[in-house]
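Asker: Give me a 3D structure for the following:
(one chain, ligands or ions: 1)
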Amino acid sequence: MSDLRPIGPPKSQEFDDLYFSADDGLAESKFVFLDGNNLPENWLEAERFVICETGFGTGLNFLSAWKLFEETTKPHQSLDFISFEKYPLEAEKIGLYLKPWRDFFDGRLQQLVAQYPPGIPGFHRIVLNERVTLTLIFDDVNEAIPKLIADVDAWFLDGFRPATNPDMWSDTVIENMARLSHKGTRLATFTAAGKVRRGLIAAGFSIEKVPGFGRKRDMTAGYFPGDSA
Ligand SMILES: C[S@@+](CC[C@H](N)C(=O)[O-])C[C@H]1O[C@@H](n2cnc3c(N)ncnc32)[C@H](O)[C@@H]1O
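Answerer: You can find the predicted model right below:
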């Protein structure tokens with residue numbers, strides 16, 4: 001039988017970075033990605049709300065969004081969550097890393113683990129229920145994002161620090177974000193790196209530096225003010 005004791009946030013050796021805050025990953029996810037995208041307010045009137053994330057990792061951000069969506073919306077509304085991941089974790093590891101919040105997620109973590117696909121490259125569409133769909137794209141975001149067709153309402157940019165993982169913040173990613181956005185599409189990310197902010201502004205986003213989570217002084221939030229193309 002496997003050992004299911006909590007083992008703290010996973011750390012990437014390759015990028016020398018944690019997947020989420022060691023202080024409180026769940027609070028960080030809410031602060032940076034949900035509050036940073038003005039959720040739940042922004043989806044209250046949406047029939048269908050589309051979130052796109054760079055870096056699925058353990059799925060903590062997805063689970064936080066899924067739970068909040070079901071708690072704050074009406075039965076006719078649906079959530080489409082799309083996430084890129086080049087180095088998929090195994091389902092069992094996800095269950096282990098997120099074990100501290102298993103009760104909080106109220107069955108959703110177990111369901112994600114049960115339906116999580118094998119790490120085969122490509123698009124994996126996972127229907128969680130009649131209202132919530134997760135599309136996992138197991139590929140380098142730079143290869144996959146130009147192929148994506150979607151009308152994104154909110155971006156979760158969570159791809160490790162730009163200094164150690166510049167590929168997640170490339171011009172290709174940012175230009176395709178603008179292509180997939182519409183007037184009022186929002187974005188949020190933990191980083192306040194000037195290069196990222198300048199790239200987003202050059203692609204047409206309105207960007208603000210706002211207070212960060214915990215010990216982080218700043219993060220970035222913004223929105224797309226016009227139609228792309
Ligand atoms: C900070 S972690 C994401 C944490 C995640 N959102 C969560 O809730 O656990 C960053 C993720 O980006 C992935 N990643 C790094 N470089 C990538 C790339 N070029 N394309 C796609 N995914 C990448 C990593 O494997 C890692 O899972």
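Asker: Could you pick out the residues of the protein near the ligand for me?
Answerer: For the chain, the residues in contact with the ligand (CB under 6 Å from any ligand atom) are 19-20, 55-61, 84-87, 140-141, 158-160, 165, 167-168. Where C-beta positions appear, they are placed from N, C-alpha and C, glycine not excepted.
Asker: let's see it at 8 Å
Answerer: Along the chain, the residues adjacent to the ligand under the rule CB under 8 Å from any ligand atom are 10, 12, 15, 17-20, 25, 29, 53-63, 83-89, 97, 139-142, 144, 156, 158-160, 165, 167-168.
Asker: Type out the PyMOL command that picks the buried ones from those residues.
Answerer: Filtering those down to the buried ones (16 or more other CB atoms under 10 Å) takes a single PyMOL command:
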select buried, resi 15+19+20+25+29+53+54+55+56+57+58+59+60+61+62+63+83+84+85+86+88+89+97+139+140+141+142+144+156+158+159+160+165+168
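Asker: Am I right that Pro9 is in contact with Tyr19?
Answerer: Yes. Counting by CB atoms under 8 Å, Tyr19 is a contact partner of Pro9 at 5.4 Å.
Asker: what residues do those two have in common as contacts?
Answerer: Counting by CB atoms under 8 Å, 6 or more residues apart in numbering, the shared contacts of Pro9 and Tyr19 are 25, 97.
Asker: How about the contacts made by Leu68?
Answerer: Applying CB under 8 Å, 6+ apart to Leu68 gives the contacts 34, 39-40.
Asker: from those, which is closest to the ligand?
Answerer: Checking the contacts of Leu68 against the ligand with CB to the nearest ligand atom, the nearest one is Leu34 at 11.9 Å.
Asker: Figure out how far stretch 107-114 is from the centre of its chain.
Answerer: The gap between where stretch 107-114 is centred and where its chain is centred comes out at 17 Å by CA atoms, centre = their mean, to the nearest Å.
Asker: quick one: secondary structure of the residue nearest the centre of the chain?
Answerer: For the chain, the residue nearest the mean C-alpha position is Glu53 (3.4 Å; CA atoms, centre = their mean). Three-state call for Glu53 (DSSP: H, G, I helix; E, B strand; the rest coil): strand.
Asker: separation between Val173 and Lys209?
Answerer: 20 Å (CB to CB, to the nearest Å).
Asker: Next, the contact list for Lys209, please.
Answerer: With CB under 8 Å, 6+ apart, Lys209 has these contacts: 192, 197, 218-220.
Asker: Just checking, which helix or strand succeeds the longest strand along the chain along the chain?
Answerer: Taking DSSP state E as the criterion, the chain has its longest strand at strand 181-189. Using DSSP states H and E, the helix or strand that follows strand 181-189 towards the C-terminus is helix 194-202.
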